[in-house]
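>>> Fold the following and give me the result.
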Amino acid sequence: MFVRAGLILLGLIHLGNGLWMLVAPDGWYAAVPGVSMTGPINHHFIADIGLAFVASGVGLLLGARNMRTAGAFAVAGATWPALHALLHLWGWLQMGFPATPTVAVSESVGVVLVGALGAALAGARFQSIQQGG
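Numbering: from 1, shown residues only. Modelled structure (predicted):
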């Protein structure tokens, strides 16, 4: 039950974030700590990433459903955020941990922790489906 609830929560977060990026990219760009530090706003790039978050959210939500393919959907939905988290970890190794506290928290919690949690939940869901649960 915890795994499915976690997948639903993360799925809604990713779906909401992706829709926000698609509907109000200027507001998203201004509101998320650290994003504006990456360079000038690029609406096309934000839409591309927004679509990835929408797909991730839908995959995680389908992964919480009670069906044979749920584990595969959960893993598919968790893949983008997990890779995104790894990219940020790689950036920290190359350029150092963010110096600004709000950016550090935003990246640590909003990217790395969320990506790792999604991967763990998806792995647990996949395993439980494989075992008939």
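>>> how close does residue 65 get to residue 131?
When distance is defined by CB to CB, to the nearest Å, residue 65 is 17 Å away from residue 131. All C-beta atoms are positioned from the backbone trio N, CA, C, and that covers glycine.
>>> Tell me which of the two has more neighbours.
Between residue 65 and residue 131, counting by other CB atoms under 10 Å, residue 65 is the more crowded of the two (13 against 8).
>>> State the three-state secondary structure for that one.
Per DSSP: H, G, I helix; E, B strand; the rest coil, the secondary structure class of residue 65 is coil.
>>> Leaving out sequence neighbours, find the closest residue to it.
residue 73 (7.6 Å; CB to CB, 6 or more residues apart in numbering).
>>> show me what contacts the one you found?
By CB atoms under 8 Å, 6 or more residues apart in numbering, the residues touching residue 73 are 59, 60, 62, 63, 65.
>>> quick one: secondary structure of the nearest residue to the third one once chain neighbours are set aside?
For residue 62, the nearest residue in space outside its immediate sequence neighbours is residue 73; the separation is 3.9 Å by CB to CB, 6+ apart. With three-state DSSP as the basis, residue 73 sits in helix.
>>> quick one: residue 73 from residue 49, how far?
20 Å.
>>> could you say which helix or strand contains the most centrally placed residue in the chain?
The centroid of the chain falls nearest to residue 81 when counting by CA atoms, centre = their mean (3.6 Å). Residue 81 is part of helix 70-95, with elements assigned from DSSP states H and E.
>>> If you count neighbours, what's buried in that helix?
With burial defined by 16 or more other CB atoms under 10 Å, the residues of helix 70-95 counted as buried are 70-82, 84-85, 88.
>>> which among these gets closest to residue 126?
When the buried residues of helix 70-95 are compared for distance to residue 126 (CB to CB), residue 71 wins out at 3.4 Å.
>>> Name all residues that make contact with the closest one.
So residue 71 contacts 63, 122, 125, 126, 127, 128, 129, 130 (CB under 8 Å, 6+ apart).
>>> pLDDT, secondary structure and distance to residue 14 for the residues you listed - can I get that in a markdown table?
Shown next, in a markdown table, are the contacts of residue 71 (pLDDT from 0 to 100; DSSP: H, G, I helix; E, B strand; the rest coil; distance: CB to CB, whole Å):
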| residue | pLDDT | secondary structure | distance to residue 14 |
| --- | --- | --- | --- |
| 63 | 97 | helix | 12 |
| 122 | 98 | helix | 12 |
| 125 | 97 | helix | 15 |
| 126 | 95 | helix | 18 |
| 127 | 94 | helix | 21 |
| 128 | 91 | helix | 21 |
| 129 | 89 | helix | 20 |
| 130 | 85 | helix | 24 |
